[in-house]
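In: fold the following, please.
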Amino acid sequence: MTMDCDLTVNINLYNLEDVKFEGSKYVLTSPRSLEACSRLGVKPVELLYRPLSEFQEELLPQDVPLRTIYTVFDESEQIRQKKLKLCREERSRIMQEEKRSAARSSLKSRLATMPSEDVSDKKTKDLNKTSSKSGVTFKTGIKGKPLYRPAEKESTKLHRELLSKKDRNPTLFKPSSVKGRPKSASSRTQQRCAPSV
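Out: All right, here's what the predicted structure looks like:
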């Protein structure tokens, strides 16, 4: 059955072995299938099924034993099946990438049409949503960006360091050797000025 196949017929990695495409001059016409083959370095012709009779016609005149021809056929078919499987997986990845990029572009277009104040408010709300899900809270500054406070980081770092020293050598931090915080002058004067009854 000979078929004049133009590019309007969709031959992809899932239907390339269909009988109706047997006489086609194209192996694949689907852009994603062709892209998958290209990414993996597989020629589409390598994915076509070759019957045992082709191997026999090719190898019997060279005096190759029939058993060897069967082995070559089996190995060739296994390799073809592996390539076909890998190409199909790559085609699925390509489709997922296209879906993700389409979703990103639609989100960008929606954000671009929003007024600038709404965009910054939306970013702040999104940041608060994600932080509340993870149990972490952020202080936000201008346009919803988290504030960076190196002094707080340094203070936390020193506190941890002090605690680790205390854990390593508890004798240095006995309650008797550590003096309490001095009372402020205002609290001392209040005690002196209090009327005695």
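
In: can you show me the helices along the protein?
Out: Using DSSP state H, the helices of the chain run over 31-40, 52-59, 66-113, 116-134, 150-168, 185-193.

In: which residues does residue 12 contact?
Out: Contacts were defined as CB atoms under 8 Å, 6 or more residues apart in numbering; by that measure residue 12 touches 28-30, 32-33, 91. In this view, the C-beta of every residue, glycine as well, is placed from N, C-alpha and C.

In: pLDDT at residue 27, what is it?
Out: pLDDT recorded at residue 27 is 89.

In: quick one on the thing from earlier: between all of the contacts of residue 12, which two are separated the most?
Out: Within these, 29 and 91 form the most distant pair, 13.4 Å apart (CB to CB).

In: and residue 12, how close does it get to residue 75?
Out: 26 Å (CB to CB, to the nearest Å).

In: so where's this protein shaky on pLDDT?
Out: Across the chain, the ranges flagged by pLDDT under 70 are 1-7, 115-155, 166, 168-197.

In: got the buried residues for stretch 69-77?
Out: Residues of stretch 69-77 classed as buried by neighbour count (16 or more other CB atoms under 10 Å): 69, 73, 76.

In: contact partners for residue 59?
Out: Residue 59 sits in contact with 68-69, 72, where contact means CB under 8 Å, 6+ apart.

In: distance of it from residue 49?
Out: 17 Å.

In: residue 42 now?
Out: For residue 42, the distance to residue 49 - CB to CB - is 15 Å.

In: comparing those two, which residue is more hemmed in?
Out: residue 42 (17 against 12; other CB atoms under 10 Å).

In: leaving out the residues flanking it, which one is nearest to the more buried one?
Out: Using CB to CB, 6 or more residues apart in numbering and skipping residues adjacent in sequence, the residue nearest residue 42 is residue 83, 5.2 Å away.

In: next one: residue 14
Out: Using CB to CB, 6+ apart, the nearest residue to residue 14 is residue 88, at 7.1 Å.

In: okay, now that neighbour: neighbour count?
Out: With other CB under 10 Å as criterion, residue 88 counts 16.

In: then the one 5 residues further on?
Out: Close neighbours of residue 93, defined as other CB under 10 Å, add up to 13.

In: what's the distance between it and residue 99?
Out: Residue 93 is 11 Å from residue 99, by CB to CB.

In: pull up the overlap in contacts between the two.
Out: Counting by CB under 8 Å, 6+ apart, nothing touches both residue 93 and residue 99.
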